[in-house]
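Peer 1: model this:
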Amino acid sequence: MGAANGALALYEILKEIQSSKINLIKIWPDLFNLPEIFCKLINGLGGMVSAGVNGLFGIFSKIYQFPFGWIGTLKKFVNDILDCISGGRPTNRDIDEAADKLLEVSRRKRSLFNLQGGFPVFTNFLESLKGKGNFKIKGLSISRLVDIIKKASATAKTTVMEIMNLLNPFSPMKNIVARLFVDTIVSLNTTKGPLYVSRLFPNIEIPDSALKGTNRNLAVDLIVPDNIDLSVMNLPTTKMLRSIPIVKEIYGEFDEAALEYTNSTLEFLLTNEHVEELVEFTTTLVGLRK
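Peer 2: As a prediction, the model looks like this:
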């Protein structure tokens with residue numbers, strides 16, 4: 001398998017415990033009743049590797065951890081998704097193997113200790129990985145999530161936006177698209193921002209000449225053509241961003257997403273609050289406007 005698999009590691013541990021006839025149910029009852037526990041455990045047993053099956057359980061674990069006002073951590077969650085798919089998407093074979101192994105252990109435990117009720121939560125969760133259950137994490141269908149992540153033909157942008165679209169129980173898609181756009185633009189002034197953009201939109205090329213300093217962040221003053229019409233600097237913020245190389249390409253990608261998932265333009269979704277954040281990017285951080 002291409003990446004560490006904490007699910008198979010857990011299977012081996014449970015199999016050893018089972019052979020000793022220790023009643024794991026009494027020692028660790030939450031393991032089979034609280035999916036957030038075994039999702040976190042599986043991710044940890046896989047060495048916190050973010051690709052493959054292990055990365056999938058890592059994403060499940062992150063959704064369980066969504067705090068109130070979670071949208072403030074949106075970019076970090078998108079990074080987790082990008083880590084998972086760029087390191088090697090989980091395949092049907094890998095997912096089925098992990099689910100079947102753990103289901104085998106649960107069936108043996110049920111028989112060994114004569115548990116009439118079995119492990120309905122644990123079983124439904126694992127069957128849902130295979131598309132045969134209806135388990136949801138905070139209202140989000142994990143079968144649908146798995147289908148999106150394992151689709152090898154999908155672009156990074158499509159995968160991310162499809163998952164974002166599943167998050168409506170947490171926040172409307174119009175808020176998510178606007179927030180993610182602002183976070184992406186502002187990140188260009190950070191060390192990891194350009195890399196984040198290139199992973200989310202591989203078709204957008206950020207030349208080395210557009211990066212400066214030891215932090216290697218995007219320098220708008222280096223990418224704005226010398227012959228640019230200075231009147232651009234007096235345009236409303238969103239229109240000005242659509243005139244700057246690289247930035248305008250990012251804008252175009254999010255505008256497409258806005259139309260597809262909210263039936264609105266990105267400019268319409270950007271409220272006054274968001275525009276103020278973008279103004280800060282173009283003045284305080286980058287110094288494009290004098």
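
Peer 1: On the pLDDT front, check the nearest residue to Thr271 once chain neighbours are set aside for me.
Peer 2: Leaving aside its sequence neighbours, Thr271 sits nearest to Ala178 (Cβ to Cβ, 6 or more residues apart in numbering; 7.1 Å). Yep, even glycine has a C-beta here, placed from its N, CA and C like the rest. We have a pLDDT of 92 for Ala178.

Peer 1: Could you do the one 4 residues further on as well?
Peer 2: For Val182, the pLDDT comes out at 90.

Peer 1: next one: Ile149
Peer 2: pLDDT, Ile149: 94.

Peer 1: got it, and Gly213?
Peer 2: pLDDT for Gly213: 67.

Peer 1: One more: Thr282?
Peer 2: 66.

Peer 1: Any stretches of this structure with poor pLDDT?
Peer 2: Low-confidence regions of the chain, defined by pLDDT under 70, span residues 1-4, 18, 20-29, 67-72, 108-118, 213-215, 217-235, 281-290.

Peer 1: those helices in the stretch 101-250 of the chain, which residues are they?
Peer 2: Ranges of helices in the stretch 101-250 of the chain, per DSSP state H, counting those that start in this stretch, are 120-129, 142-150, 156-166, 173-187, 193-200, 220-223, 237-241, 247-262.

Peer 1: between those, which one is nearest to Lys75?
Peer 2: Set against Lys75 and scored by Cβ to Cβ, the helices of the stretch 101-250 of the chain come closest in helix 173-187, at 4.2 Å.

Peer 1: and that closest one, how far from the chain's centre?
Peer 2: 14 Å (Cα atoms, centre = their mean, to the nearest Å).

Peer 1: For that helix, which outside residues touch it?
Peer 2: Helix 173-187 is contacted by residues 71, 74-75, 78, 164-165, 167, 193, 196-197, 200, 241, 247, 250-251, 254, 257-258, 261-262, 264, 266, 269-271, 274, 277-278, 280-281, 285 when judged by Cβ atoms under 8 Å, 6 or more residues apart in numbering.

Peer 1: Report how many residues lie close to the residue nearest to Thr271.
Peer 2: 24 (other Cβ atoms under 10 Å).

Peer 1: do you know how far it is from Glu267?
Peer 2: With distances taken as Cβ to Cβ, to the nearest Å, Ala178 is found 10 Å from Glu267.

Peer 1: now Asn165
Peer 2: Applying Cβ to Cβ, the value for Asn165 to Glu267 is 20 Å.

Peer 1: Repeat that for Gly139.
Peer 2: As judged by Cβ to Cβ, Gly139 and Glu267 stand 30 Å apart.

Peer 1: and Gly88, which of the three is it?
Peer 2: Look at Gly88: counting by DSSP: H, G, I helix; E, B strand; the rest coil, its state is coil.

Peer 1: I'd say it and Val53 touch.
Peer 2: No - judged on Cβ atoms under 8 Å, Gly88 makes no contact with Val53 at a distance of 9.8 Å.

Peer 1: Which one of those two is surrounded by more residues?
Peer 2: Of the pair Gly88 and Val53, Val53 is the one with more neighbours under other Cβ under 10 Å, namely 32 against 18.

Peer 1: Next up, the contacts around that one.
Peer 2: With contact set as Cβ under 8 Å, 6+ apart, Val53 has these partners: Met1, Ala3, Asn5, Gly6, Ala7, Gly46, Pro90, Asp94, Ile95, Ala98.
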